[in-house]
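K.L.:
Here is my input; please provide its structure:
(chains A and B)
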Protein chains: 2
Amino acid sequence: MQITEEKGLVQKGLCAVEGVETNGIHTGFKAQDKDLALIYFPDGATVTGVFTRNKVKAHSVLYDMKMLKNFTDFKAILVNSGNANACNGLNGEEDVQSMTSALAKKLNIESHEVLVSSTGVIGEPMNLKPFYTGLDSLIGGLGTDTSTSAAEAIMTTDTVPKELSLEAEIGGHTVHFGAMIKGAGMIHPNMGTMLGYIVTDAGLPQADLNAALKSAADDSFNVMTVDGDTSTNDTVLLASTNKLMLDESHAAEFTSVLTALCQKLAQMIARDAEGATKFVTVNVINAYSKSDAVSVAKTVATSSLVKTAVYGQDANWGRVIMAIGNSDANYLNPATITIKFTSGNDEVLVCHEGLAVPFDEARAHEILSAQDIGIFIDLNAGESSAQVWTCDMSLDYVKINADYRS
Amino acid sequence: MQITEEKGLVQKGLCAVEGVETNGIHTGFKAQDKDLALIYFPDGATVTGVFTRNKVKAHSVLYDMKMLKNFTDFKAILVNSGNANACNGLNGEEDVQSMTSALAKKLNIESHEVLVSSTGVIGEPMNLKPFYTGLDSLIGGLGTDTSTSAAEAIMTTDTVPKELSLEAEIGGHTVHFGAMIKGAGMIHPNMGTMLGYIVTDAGLPQADLNAALKSAADDSFNVMTVDGDTSTNDTVLLASTNKLMLDESHAAEFTSVLTALCQKLAQMIARDAEGATKFVTVNVINAYSKSDAVSVAKTVATSSLVKTAVYGQDANWGRVIMAIGNSDANYLNPATITIKFTSGNDEVLVCHEGLAVPFDEARAHEILSAQDIGIFIDLNAGESSAQVWTCDMSLDYVKINADYRS
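P.N.:
Down below sits the predicted model:
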């Protein structure tokens, strides 16, 4: 498998794939920033998705889930930020219908060819007036060099738009992927855990696309956590323009490329997480089972005390072993646990077989002062491993979330 | 059941019970604050305990668990703060032995009559020199009006010493309870979740005391959370001087009084939680089952996004319903959920049957600006209820935990 990430391509985001037009504008869901994005497939696309496992789901999520059960091909994906359209009852359902039909009418396509996502405040009724007013300008501005405006229009507390594209060789074809993603809070590995849109010209039947997306999400978005809270709106959609139909025997290769892409996207979220000053990789090796490895990695990555210590650049491994002990892992022997803090090729051993190791505090502090750090945990209990990405918990995390609505 | 909390008694803390002597001094586990406490029962006491469920347990916890399996009566409880004596291997075990034998020798009692707890940094070897030096002064200062010095000596990030005493009528006897407790972080309902010491003159067999303590802990310490992290050292010990032997038929009454006492102690911890500016009670009613009610209450009480919104005095009920949806509750229908924020007798309805209710933001902000606030959740799905106590998540929580070791 060969993946070429071309510098020129990266800047094209979603538009790196032919047959994809995008735009993003300000309408009125937010006070002044861009808040409405459109991805348009003039020739259609086969779409699949993964969605939040939160038992309270936004109206747009429920709508998309229903549509993807009944249809395989779509022509437009509409996304608004500034209002989550969650917990709005019948009005919320009607708003989804109104948005999709209004857009379909303007694009001269069928309503059932439109998918929709929303992100923002939960439980606030939608005001669609500015949306209707903005539709002509949204459609009028569609283009193939406008991916960034769409990526901007789906942001909430994100500080930068996040997009990516890559080329890969699959089954003799040079195929293309483009993606945009958003998410900085309410991020926890329990499904899609944010809004993400991936387009490709590589074609596979919807069922194969879905299997590939589920597998890729498990190894990327589902092993990334910001704050342990899972949103009501999480959605990742994968759309194929089918320009380069792959043989089903290449599904595994397609999944590998998609996984690599999703991992990059997941890391972009952890890097731009609310208030984050550091990108943290928790690596667990030699666990008794895969589920033990994942449980330990996620528990460490979610612990507020571990995350505040990382923010403070404090090699407080006691909190790491405390979190390990709080995991659901079935087989844990404190006397076999080894812990290191790492940064690039540097590492400092702080706990060997459950015991403190005298270490140079200045060196540990230097390692932890890097922007990308690792927490390495050897359980010495078996042969399974897991990796989870997260960020630190900073003063800004609290500041941002203490006045999000106001 | 009648409980009289006498003002005069409160100030006596542990010493409200006859046959209890206490002291607390500075030795050298901490730089300058008191760090060694002793509770002494010259005539002995029947003791039982509940301990952390963290799979990584401190050496003192493992020791006490073993001692309480083999013995029922003890004469001394020794507690040091500043070092958790966790993850110190054979040295840690030997240190527990050294501490208990040195104290036993000085007190002229048997080693197996001593229990010991530790709290502080994990994985740092103990230095017992200052402990040995301080023993004479610790024992020399034992008294019956010195409960506060012991309560001070077990503090870590606590800002105030926490003690309590009360009188109750049980089975025709006027019995007494005294208690001290500490804990401000690494607090999560998964057992004792802090250090607590309760003494009483009411006597019951150890098995009955243990059943009473387990039941009381379930309805108090185990429904309180600060940060979702469970310590390696959590311990609650209950000691009876047996001055007033109760008939076993009064065990239920004893449990009620003990539960009321433990609830007060648990609330003292949530009020003095790391960085907390508010005491928050999450009330869930009309859940389908008890486990659903507890799961919803704990998930809301643990959510960083709910806790930061409370800190910001922001009636952001969307985060509450998001957390409800993330719980493990088996039966949840978003369309039947009602949410109110409360303070004293004031309340503001923000979500009715899953839908936003227009509310006066100024009034909501006023209610949330109180120090004691409630989050009231009616699931309308059954007849079970649960209550969990927690605090908000403030800038100071991050500040305190970003530089705990330094």
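
K.L.:
hey, where'd the helices end up in chain A?
P.N.:
Assignment of helices within chain A using DSSP state H yields the ranges A:7-10, A:59-70, A:89-107, A:129-140, A:147-153, A:206-218, A:251-271, A:290-302, A:304-311, A:317-326, A:361-368, A:395-402.

K.L.:
and the gap between the residue of chain A most remote from its centre and chain B?
P.N.:
Checked against the mean C-alpha position of chain A, the extreme residue using C-alpha atoms, centre = their mean is residue A:358, at a distance of 38.8 Å. Distance from residue A:358 to chain B, counting by C-beta to the nearest C-beta, to the nearest Å: 9 Å. C-beta here means a position set from N, CA and C on the backbone, and glycine is covered the same way.

K.L.:
backbone phi and psi for that residue, please?
P.N.:
Geometry field for residue A:358 lists phi and psi as phi -60, psi 130, criterion degrees, to the nearest 10.

K.L.:
Not counting sequence-adjacent ones, nearest residue to residue A:83?
P.N.:
Nearest residue to residue A:83 in three dimensions, chain neighbours excluded: residue A:120, at 4.5 Å (C-beta to C-beta, 6 or more residues apart in numbering or on different chains).

K.L.:
Excluding chain neighbours, what is closest to residue A:129?
P.N.:
Leaving out its chain neighbours, the residue that sits closest to residue A:129 by C-beta to C-beta, 6+ apart is residue A:28, at 7.1 Å.

K.L.:
Touching, the one you found and residue A:126? I think so.
P.N.:
No - using C-beta atoms under 8 Å, residue A:28 makes no contact with residue A:126, being 10.5 Å away.

K.L.:
need the contact list for the closest residue to residue A:171 other than its chain neighbours.
P.N.:
On the basis of C-beta to C-beta, 6+ apart, the spatially nearest residue to residue A:171 that is not a chain neighbour turns out to be residue A:250, at 3.8 Å. With contact set as C-beta atoms under 8 Å, 6 or more residues apart in numbering or on different chains, residue A:250 has these partners: A:170-171, A:204.

K.L.:
Selection in PyMOL covering whichever of these are buried, please.
P.N.:
Buried subset of these, written as a PyMOL selection, criterion 16 or more other C-beta atoms under 10 Å in any protein chain shown:
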select buried, chain A and resi 170+171+204
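
K.L.:
Show me where the stretch 1-150 of chain A dips below the pLDDT cut-off.
P.N.:
A:1-10 (pLDDT under 70).

K.L.:
Residue A:28 and residue A:126: which is more packed in?
P.N.:
When neighbours are counted by other C-beta atoms under 10 Å in any protein chain shown, residue A:28 and residue A:126 differ, and residue A:126 comes out ahead with 23 against 17.

K.L.:
List the contacts of the closest residue to the more buried one other than its chain neighbours.
P.N.:
Spatially, and ignoring its direct neighbours in sequence, residue A:126 is nearest to residue A:95 (4.6 Å; C-beta to C-beta, 6+ apart). With contacts taken as C-beta under 8 Å, 6+ apart, residue A:95 has the following neighbours: A:59, A:85, A:88, A:126, A:128.

K.L.:
Please report the number of neighbouring residues for residue A:363.
P.N.:
Burial of residue A:363 is recorded as 14 neighbouring residues (other C-beta under 10 Å).

K.L.:
Equivalent analysis for the one 4 residues further on, please.
P.N.:
When neighbours are counted by other C-beta under 10 Å, residue A:367 registers 21.

K.L.:
Could you double-check that it lies in contact with residue A:349?
P.N.:
No - no contact is recorded between residue A:367 and residue A:349 when judged using C-beta under 8 Å, the distance being 11.1 Å.
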